[in-house]
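Student: Pasting a predicted model and its sequence here:
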Amino acid sequence: MSTLAAPAAARPAGPRHLAGTGTLLRLALRRDRLMIPVWVLALGLSVAATGSSFASLYGTAAERARLAASMNANGSLRALYGPVFDDSLGGLVAWRMAGFGAVLAAAMSLLIVVRHTREEEETGRQELLSAAMVGRRAPLTAALLAALIADAGVAVLTAAGLAAAGRPVGGSLALGLAIGGTGLLFAALAAIAAQFTESARLAKGLTGAALGAAFALRAAGDASDGSGAPGSGAGSALTWLSPVGWAQNLRAFAGERWWVVLLFAAATALATAAAYALTARRDLGMSFLPARPGPARAPRSLGGPAGLAWRLQRTTLAGWTAGFALAGAVFGGIAKGAASMVGGNRQTREIFERLGGQQSLTDAFLASMTGMLGMVAALYAVGAVLRMRTEETGGRAEPVLAGAVGRLRWAGGHLVVALVGTAVVLAAGGLTLGITYGASVGDVAGGTGRVLTAALAQVPAVWTLAAVAMAVLGLLPGASGAVWALTGGCLALGWLGPVLRLPRWAMDLSPYGHLPKLPGGAATAAPFLWLTALTVVLISAGLAGLRRRDIG
């Protein structure tokens with residue numbers, strides 16, 4: 001039986017609402033003893049590595065000034081990375097890592113908060129804990145404190161690493177606060193999302209959608225506004241609608257705008273207050289958007305595990321497909337101007353070529369965009385595979401398997417949705433990217449075919465990461481959360497590696513490092529066949545492990 005919210009007049013006041021917060025916080029930190037340190041170290045060390053790489057790549061002030069000028073003159077690159085506010089080494093680190101680090105910190109924070117709020121309620125563990133001396137607001141407080149500790153760790157490690165490398169202390173602290181502040185704000189937004197849905201997966205999806213919208217607003221604002229040069233004005237209004245834009249416009253190492261920190265603090269306080277107000281007005285385990293009851297008679301499609309997997313994951317697939325279609329349309333609209341905006345600038349051309357290959361500049365830009373879609377699609381694929389773990393730990397898989405359904409059939413339904421869904425998502429992004437680019441150059445058929453092929457060429461690499469998730473799920477289910485760290489590492493290699501000129505062996509650690517740069521690059525069948533073979537081996541190992549281990 002669910003624990004009901006007490007009437008306002010009968011609610012105990014003061015600290016009793018927070019009873020047990022310390023115990024729940026220690027429990028949360030113990031459960032996340034691997035995930036939080038990995039996230040914090042990965043983010044902090046990425047910033048330090050970026051600073052070292054820029055120091056070796058652009059050792060003179062003239063080289064850095066040319067790089068900054070080329071970035072600020074190129075709307076396509078401003079959309080991807082944001083403007084360069086200062087051409088010092090610290091300014092380049094802030095340009096490269098403020099937005100990227102803010103997005104990763106936000107992802108870390110939303111995972112922590114949803115895991116220790118809505119996921120605990122969904123599995124029924126919170127109801128057991130609430131039967132003890134646990135205050136009504138203690139679970140939410142413990143989750144937010146765990147996120148605060150993680151974000152503070154990122155901020156401190158970022159600032160300390162940059163300051164130790166000789167960067168100005170003020171700018172180092174500003175960049176750390178920008179990244180950590182964004183993470184903390186999205187922790188509060190995740191706490192709100194957890195009140196509106198009964199599903200932890202949907203709560204993550206809602207917060208992830210907000211994060212995607214924030215990135216899109218920032219990209220649109222920076223692409224349309226050329227005021228990113230040192231000493232420029234306020235920037236685009238769209239950028240100021242996005243917390244990711246706030247992180248960049250704190251302007252670390254470029255005359256810091258410390259009042260932006262107050263903007264983060266006010267927004268976080270407001271979102272946190274809203275989350276507390278909402279959690280006090282609902283029953284434990286319930287939500288403000290309860291799941292609708294199904295029809296009295298189930299459709300025939302639910303007669304098997306494949307139909308059930310499709311029913312469970314179709315909404316998520318639809319959301320990802322729509323998001324990729326929108327992103328493809330935006331990228332296709334700016335592809336035509338890539339070559340004209342770069343002109344004869346050698347440094348900008350080299351950046352595009354490292355991202356997208358040695359072919360023509362427009363093809364290199366298109367290749368970098370399809371590569372980005374492929375990397376982001378891994379988040380969908382891994383999440384779709386790990387949905388099996390959610391069903392398992394939530395106690396919903398066991399009743400299904402108790403019937404005339406084998407484990408392989410049950411897992412096979414989810415795998416089909418994950419693998420086919422990956423192709424659908426990438427096809428949606430490639431199709432709109434190709435159509436909008438083709439329309440801009442007057443060759444819709446030719447542009448669409450080349451770009452769609454390039455997008456679908458990313459599928460084997462995404463499948464490989466999904467297969468890794470399946471192998472871990474079958475053989476080491478307790479380490480399923482580590483798959484996200486591996487996926488994030490591959491995304492970081494693809495995003496940062498070409499710009500930082502990481503060695504070939506480091507890029508080859510990611511399956512994306514083995515794919516050809518399409519459209520325009522030379523392609524052979526070998527990498528696709530090897531990645532597909534590796535996918536089959538990993539999935540087979542995962543299914544073999546699933547057949548032999550205990551469920552739950």
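Tutor: Structure received. Residues are numbered from 1 along each chain as shown.

Student: alpha carbons only for contacts and neighbour counts from here, please
Tutor: OK.

Student: who's in contact with residue 300?
Tutor: Under the criterion of C-alpha atoms under 8 Å, 6 or more residues apart in numbering, residue 300 has no contact partners.

Student: With residue 239 as the reference, measure out to it.
Tutor: Distance check for residue 300 against residue 239: by C-alpha to C-alpha, to the nearest Å, it reads 48 Å.

Student: Make sure residue 440 is actually in contact with residue 329.
Tutor: No: under the criterion of C-alpha atoms under 8 Å, residue 440 is not in contact with residue 329, lying 11.3 Å apart.

Student: Neighbour count for those two, which is higher?
Tutor: In this view residue 440 and residue 329 are compared by other C-alpha atoms under 10 Å, and residue 329 has more residues nearby, 20 against 17.

Student: How confident was the prediction at the closest residue to residue 250 other than its chain neighbours?
Tutor: With C-alpha to C-alpha, 6 or more residues apart in numbering as the measure, residue 257 is the residue that lies nearest to residue 250, at 5.0 Å, once sequence neighbours are left out. What the model reports for residue 257 is a pLDDT of 92.

Student: sec struct for residue 257, please.
Tutor: The three-state assignment at residue 257 reads coil, by DSSP: H, G, I helix; E, B strand; the rest coil.

Student: Closest to the centroid, which residue in the chain?
Tutor: Nearest to the centroid of the C-alpha atoms of the chain, with distances taken as C-alpha atoms, centre = their mean, sits residue 107, at 5.3 Å.

Student: need the next SSE after the helix or strand encompassing that residue, C-terminal direction.
Tutor: For residue 107, the element it lies in under DSSP states H and E is helix 89-116. Using DSSP H and E, the next helix or strand after helix 89-116 towards the C-terminus is helix 118-123.

Student: That next one - contacts with which helices or strands?
Tutor: In terms of contact count using 3 or more C-alpha pairs under 8 Å, 6 or more residues apart in numbering; DSSP states H and E, helix 118-123 is assigned the packing partners helix 200-224.

Student: pLDDT score for residue 352?
Tutor: Among the per-residue scores, residue 352 shows a pLDDT of 60.

Student: again, but for the one 3 residues further on
Tutor: On pLDDT, residue 355 comes in at 58.

Student: repeat for residue 512
Tutor: According to the predicted model, the pLDDT of residue 512 comes to 90.

Student: How about it: what's its closest non-neighbour residue?
Tutor: Among residues not flanking residue 512 along the chain, residue 461 sits closest, at 5.6 Å (C-alpha to C-alpha, 6+ apart).

Student: so how many other residues sit close to that neighbour?
Tutor: 26.

Student: so it is in which element?
Tutor: Counting by DSSP H and E, residue 461 is part of helix 459-475.

Student: Extract the CA atoms of the helix or strand following that helix and return them as PDB.
Tutor: Tracing the chain C-terminally past helix 459-475 and defining elements by DSSP H and E, one meets helix 482-500 next. The C-alpha atoms that make up helix 482-500 are tabulated as PDB, following Å, rounded to 0.1, in the frame of the first residue of the first chain:
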ATOM      1  CA  ALA A 482      29.600   1.000 -16.500                       C
ATOM      2  CA  VAL A 483      28.300   0.600 -20.100                       C
ATOM      3  CA  TRP A 484      27.300   4.300 -19.900                       C
ATOM      4  CA  ALA A 485      30.800   5.300 -18.900                       C
ATOM      5  CA  LEU A 486      32.200   3.300 -21.900                       C
ATOM      6  CA  THR A 487      29.700   4.900 -24.300                       C
ATOM      7  CA  GLY A 488      30.600   8.300 -23.000                       C
ATOM      8  CA  GLY A 489      34.200   7.600 -23.500                       C
ATOM      9  CA  CYS A 490      33.600   6.700 -27.100                       C
ATOM     10  CA  LEU A 491      31.600   9.900 -27.600                       C
ATOM     11  CA  ALA A 492      34.400  11.900 -26.000                       C
ATOM     12  CA  LEU A 493      37.000  10.400 -28.300                       C
ATOM     13  CA  GLY A 494      34.900  11.100 -31.300                       C
ATOM     14  CA  TRP A 495      34.100  14.700 -30.200                       C
ATOM     15  CA  LEU A 496      37.500  15.800 -28.800                       C
ATOM     16  CA  GLY A 497      40.000  13.400 -30.400                       C
ATOM     17  CA  PRO A 498      40.100  14.900 -34.000                       C
ATOM     18  CA  VAL A 499      40.400  18.500 -32.700                       C
ATOM     19  CA  LEU A 500      43.100  17.600 -30.100                       C
END
